[in-house]
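Colleague: sequence? don't have it. structure:
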């Protein structure tokens, strides 16, 4: 279960008037210019539903009433299940954290050298997140470079589904990939009906900003929604390149893109469970390079969470992705502040919060996942806030101790200190002399020790051998 921020009081960066203006602008964007849909069937679906469609230009203009119909149709709550009930992730059940996605290189923990990532690295990464208490949903954090590109999505999904008991963000790049993924889920669940009852994965559809729906991704969306498997719509606009440089403009564009995707899911299958996710970033005006690691990203993430809460839809927003090229102080301040800001927004999931990736997600530094887990633990204590009641105000205790007394030995202290005071597992809280006697290890060294311990000892319950064979057959068939 996640934690509700500060007794339900969340950080709000938009006023009521701001929310209204962003909403009205997003609705105007959906009408003009609308969106480009590179898919004949989807164009027909939009037209039959009442949208204005230009088949020659592949453009769709969506009226407000169609958005409102989709919002009324989409479930307010979704659950992505773990292979064990205790890991089920439910929307609107407090703030949860996830890892990240997309690293194609890894910093080898034995050699300290940067090299292309392989499938075993992804499997190890999944094991690490399975062991971390603050990784609630597991993303494909590493894209292995030693498997065929045409079946990369199947290899990623196999690695995720086989190495954790937690919910995962599986991968499918087109309709065939989605069908194979669903077959993997059926093999694990035992039947199509059992998979629908307890889906242990979700899958994502990303559009190209501004407003382009690619055909292969639409095929994936249709397969997943028609199978009633939880689905995620995401958008990654860059302020100043693929979106307006102004944060309000990028926010309005993000909202419009996400709502257009929601409309399509509900036209394909009314009631299909969907989560909307935003990864808005900023662009360096000197180079045009995109980055997530900026204060603007945090502001847009929090504002988007506020907008999506107003629409009443399950959602997730970006937390931390560091731009640093080394595991240094920059990683610490970027991941700490960005994750905290997003968590205080009260979103369902803070994405990338326990990610191991540096270099704008390009390279995985395995120790960083361990450090990110500790940062999220710190944030959880902040989210809990201060509990105020007669017991915690401790008036009787203060009177008993009196002027000049001490509270250390009082039973009240023994009763409450563990619940009141957060303690570090990686960070140092001892004097220098004791720290030196213990080997003078910094946080990276301690994280590496923990990492090696997890890889040596952590063994989540494996899939049954016949299930493993079925999944392997799916992957091999995709390999061709």
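Modeller: Here it is on my side, so go on. Computed from a prediction, not measured in an experiment: that's the story for all the values here.
Colleague: now the strands: where do they sit in the stretch 251-400 of the chain?
Modeller: Here the stretch 251-400 of the chain has its strands, by DSSP state E, counting those that start in this stretch, at 274-278, 281-283, 290-291, 315-318, 349-351, 357-358, 363-364.
Colleague: Apologies, that question was intended for the stretch 1-150 of the chain.
Modeller: 35-37, 52-54, 59-61, 79-80, 89-90, 96-97, 105-107, 114-116.
Colleague: Packed most tightly, which of those strands would that be?
Modeller: strand 96-97 (a mean of 27; mean count of other CB atoms under 10 Å). To be clear about C-beta, it is placed using only N, CA and C from the backbone, and glycine gets the same treatment.
Colleague: Now do it: which elements does it pack against?
Modeller: Contacts defined by 3 or more CB pairs under 8 Å, 6 or more residues apart in numbering; DSSP states H and E place strand 96-97 against strand 349-351.
Colleague: quick check: mean pLDDT across the strand it packs on?
Modeller: When pLDDT is averaged along strand 349-351, the result is 96.
Colleague: hmm, back to that, adding mean pLDDT and distance to residue 280, write the strands of the stretch 1-150 of the chain out as JSON lines.
Modeller: As requested, the strands of the stretch 1-150 of the chain are arranged in JSON lines below (pLDDT from 0 to 100; distance: least, CB to CB, whole Å):
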{"stretch": "strand 35-37", "mean pLDDT": "97", "distance to residue 280": "17"}
{"stretch": "strand 52-54", "mean pLDDT": "98", "distance to residue 280": "27"}
{"stretch": "strand 59-61", "mean pLDDT": "98", "distance to residue 280": "22"}
{"stretch": "strand 79-80", "mean pLDDT": "94", "distance to residue 280": "23"}
{"stretch": "strand 89-90", "mean pLDDT": "93", "distance to residue 280": "23"}
{"stretch": "strand 96-97", "mean pLDDT": "96", "distance to residue 280": "19"}
{"stretch": "strand 105-107", "mean pLDDT": "97", "distance to residue 280": "25"}
{"stretch": "strand 114-116", "mean pLDDT": "97", "distance to residue 280": "28"}
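Colleague: Nearest approach to residue 306 belongs to which of those?
Modeller: For these, proximity to residue 306 was assessed by CB to CB; strand 96-97 is nearest, at 17.8 Å.
Colleague: Who does the closest one pair with, and is each partner parallel or antiparallel?
Modeller: strand 349-351 (parallel) (DSSP bridges).
Colleague: Quick check: chain neighbours aside, which residue is closest to residue 441?
Modeller: Nearest non-adjacent residue to residue 441, counting by CB to CB, 6 or more residues apart in numbering: residue 449, 7.5 Å away.
Colleague: Next, format the strands of the stretch 251-400 of the chain as TSV and append mean neighbour count and distance to residue 232.
Modeller: Formatted as TSV, these follow (neighbours: other CB atoms under 10 Å; distance: least, CB to CB, whole Å):
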stretch	mean neighbour count	distance to residue 232
strand 274-278	27	5
strand 281-283	24	18
strand 290-291	18	20
strand 315-318	27	8
strand 349-351	29	10
strand 357-358	27	19
strand 363-364	25	22
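Colleague: mean pLDDT for these: which is lowest?
Modeller: Lowest mean pLDDT within those: strand 290-291, a mean of 80.
Colleague: picking up where we left off before, closest to residue 411 out of the strands of the stretch 1-150 of the chain?
Modeller: Comparing these under CB to CB, the one sitting nearest is strand 96-97, at 34.9 Å.
Colleague: Assumed the residue nearest to residue 441 was part of a helix.
Modeller: Yes. Under DSSP: H, G, I helix; E, B strand; the rest coil, residue 449 sits within a helix.
Colleague: Run a quick neighbour tally on it.
Modeller: Residues near residue 449, counting by other CB atoms under 10 Å, number 15.
Colleague: how far away is it from residue 368?
Modeller: 14 Å (CB to CB, to the nearest Å).
Colleague: re earlier: could you dump the strands of the stretch 1-150 of the chain into TSV and include distance to residue 324?
Modeller: Converted to TSV, those look like this (distance: least, CB to CB, whole Å):
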stretch	distance to residue 324
strand 35-37	35
strand 52-54	45
strand 59-61	40
strand 79-80	31
strand 89-90	29
strand 96-97	20
strand 105-107	12
strand 114-116	14
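Colleague: so which of those gets nearest residue 213?
Modeller: Comparing the strands of the stretch 1-150 of the chain by CB to CB, strand 35-37 comes nearest, at 4.6 Å.
Colleague: and that closest one, what does it pack onto?
Modeller: Short answer (3+ CB pairs under 8 Å, 6+ apart): strand 35-37 packs on strand 59-61, strand 212-213.
Colleague: Let me see the residues that make contact with the first one.
Modeller: By CB atoms under 8 Å, 6 or more residues apart in numbering, the list of residues contacting strand 59-61 from outside reads 30-37, 43, 46, 51-54, 260.
Colleague: same thing but at 10 Å, please
Modeller: 29-37, 42-43, 45-47, 49, 51-54, 211, 213, 260, 263-264 (CB atoms under 10 Å, 6 or more residues apart in numbering).
Colleague: Could I get the pLDDT score of residue 1?
Modeller: pLDDT recorded at residue 1 is 68.
Colleague: Please disregard the earlier target; I meant residue 324.
Modeller: Residue 324 is assigned a predicted lDDT (pLDDT) of 91.
Colleague: Reformat the helices and strands packed on strand 35-37 as TSV; add distance to residue 125.
Modeller: Shown next, in TSV, are these (distance: least, CB to CB, whole Å):
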stretch	distance to residue 125
strand 59-61	38
strand 212-213	30
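Colleague: Identify whichever of those lies nearest to residue 304.
Modeller: Nearest of the helices and strands packed on strand 35-37 (CB to CB): strand 212-213, 19.7 Å.
Colleague: quick one, helices of the stretch 201-350 of the chain?
Modeller: Here the stretch 201-350 of the chain has its helices, by DSSP state H, counting those that start in this stretch, at 215-226, 247-268, 295-311, 329-344.
Colleague: Same check on the stretch 351-480 of the chain?
Modeller: 366-384, 390-393, 395-401, 411-420, 432-437, 443-457, 465-479.
Colleague: circling back: for residue 463, find the nearest of the helices of the stretch 201-350 of the chain.
Modeller: helix 215-226 (21.5 Å).
Colleague: so what secondary structure elements neighbour the closest one?
Modeller: Counting contacts by 3 or more CB pairs under 10 Å, 6 or more residues apart in numbering; DSSP states H and E, helix 215-226 packs against helix 40-49, helix 175-189, strand 201-207, strand 231-235, helix 247-268, strand 274-278.
Colleague: Sounds good, over and out.
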